[in-house]
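S.K.: sequence isn't available, so here's the structure alone:
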């Protein structure tokens, strides 16, 4: 049984980076209309695409609006090289390891890329 997410957003962000590097992938939800998106809590008119470091964390959200969605693994290299730059260009924020209430970090894609670069450089 995996340890559930923390109440602390910063811990969940750190865990996301460490586990993504460890597993070589991140998880998001894909459904009939594409990838799961929702509105930002912080910035009006801005979308956020949620990602998780484990399939089990993503699967919790396959209900209600996302009941027709399934967790999909995205290879870490592709996520870092293609997804984050594309999301930056599309002005979409990254949601990191959100809890069951869809609460957690919303981060600019290039800021997340810097976090990964810092971790990978160590």
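M.R.: That came through, no problem. Computed from a predicted structure; not experimentally measured.

S.K.: where do the helices sit along the protein?
M.R.: Ranges of helices within the chain are 9-23, 55-59, 76-78, 84-89, 109-121, based on DSSP state H.

S.K.: closest one to residue 39 among those helices?
M.R.: Closest approach to residue 39 among the helices of the chain is made by helix 84-89 (15.1 Å; Cβ to Cβ). (Glycine included, C-beta is placed from N, CA and C.)

S.K.: just grab the bridge partners of the closest residue in space to residue 28 that isn't next to it in sequence for me.
M.R.: What sits nearest to residue 28 in space, not counting adjacent residues and going by Cβ to Cβ, 6 or more residues apart in numbering, is residue 51, at 5.1 Å. Note on residue 51: beta-bridge partners residue 96, judged by DSSP bridges.

S.K.: count of neighbours near residue 51?
M.R.: Other residues within reach of residue 51, judged by other Cβ atoms under 10 Å, total 24.

S.K.: how many other residues sit next to residue 91?
M.R.: Neighbours of residue 91 using other Cβ under 10 Å come to 12.

S.K.: residues contacting the residue lying closest to it once chain neighbours are set aside?
M.R.: What sits nearest to residue 91 in space, not counting adjacent residues and going by Cβ to Cβ, 6+ apart, is residue 46, at 6.5 Å. Residues near residue 46 by Cβ atoms under 8 Å, 6 or more residues apart in numbering: 39-40, 91-93.
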